[in-house]
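*Asks:* Give me a 3D structure for the following:
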Amino acid sequence: MRSALILAAALTATACTTADFAGHSKGNIHGQKWTAESINGRSVLDNTEITMTIAEDGKMRGTAGCQSYVAKAFLEGSDEIGVGALAISKQGCHGAKLDQQMRFVRAMMLAERYEMNGANTLYVYSEGEGKPLTFKASKR
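*Replies:* Below you'll find the predicted structure:
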């Protein structure tokens, strides 16, 4: 838990929205609950749920695998995204779930662009990562 907060604070300074990419945005990223299927090419562990919802005002909230979080998302243009510091709840998280949560937090803190494939699939690309976070629209 403390490691996640330290990582989030350390990466805040490097989060940016400098991508220059012609996205294929269709649909709306706002107001939809997104459930992660993979983190930079690695499938989400069984029996864990990683979610994200971004309100029109940029307030982002969800679950990071075993803990809930809130943050501020900065959306610019049709495909640029940046994420401010994540505040994470104080629930227990250990082993593989903690490792997965740390990968998710790091990827979100380094997010720089997104792409939507229709209204049901969202890809979030992070600085320095070859593969995106992959989310599917889910029912609320």
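*Asks:* center of the chain - which residue?
*Replies:* Nearest to the centroid of the C-alpha atoms of the chain, with distances taken as Cα atoms, centre = their mean, sits Met108, at 4.1 Å.
*Asks:* Just say helix, strand or coil for it.
*Replies:* Three-state call for Met108 (DSSP: H, G, I helix; E, B strand; the rest coil): helix.
*Asks:* Who are the contact partners of it?
*Replies:* Met108 sits next to Met52, Ala71, Val83, Leu86, Val124, Ser126, Leu133 when contact means Cβ atoms under 8 Å, 6 or more residues apart in numbering. (Each C-beta comes from the backbone N, C-alpha and C, glycine too.)
*Asks:* For Gly130, see how far away Lys72 is.
*Replies:* Taking Cβ to Cβ, to the nearest Å as the measure, Lys72 falls 26 Å from Gly130.
*Asks:* more crowded one of those two?
*Replies:* Shown here are Lys72 and Gly130; by other Cβ atoms under 10 Å, Lys72 has more neighbours (15 against 8).
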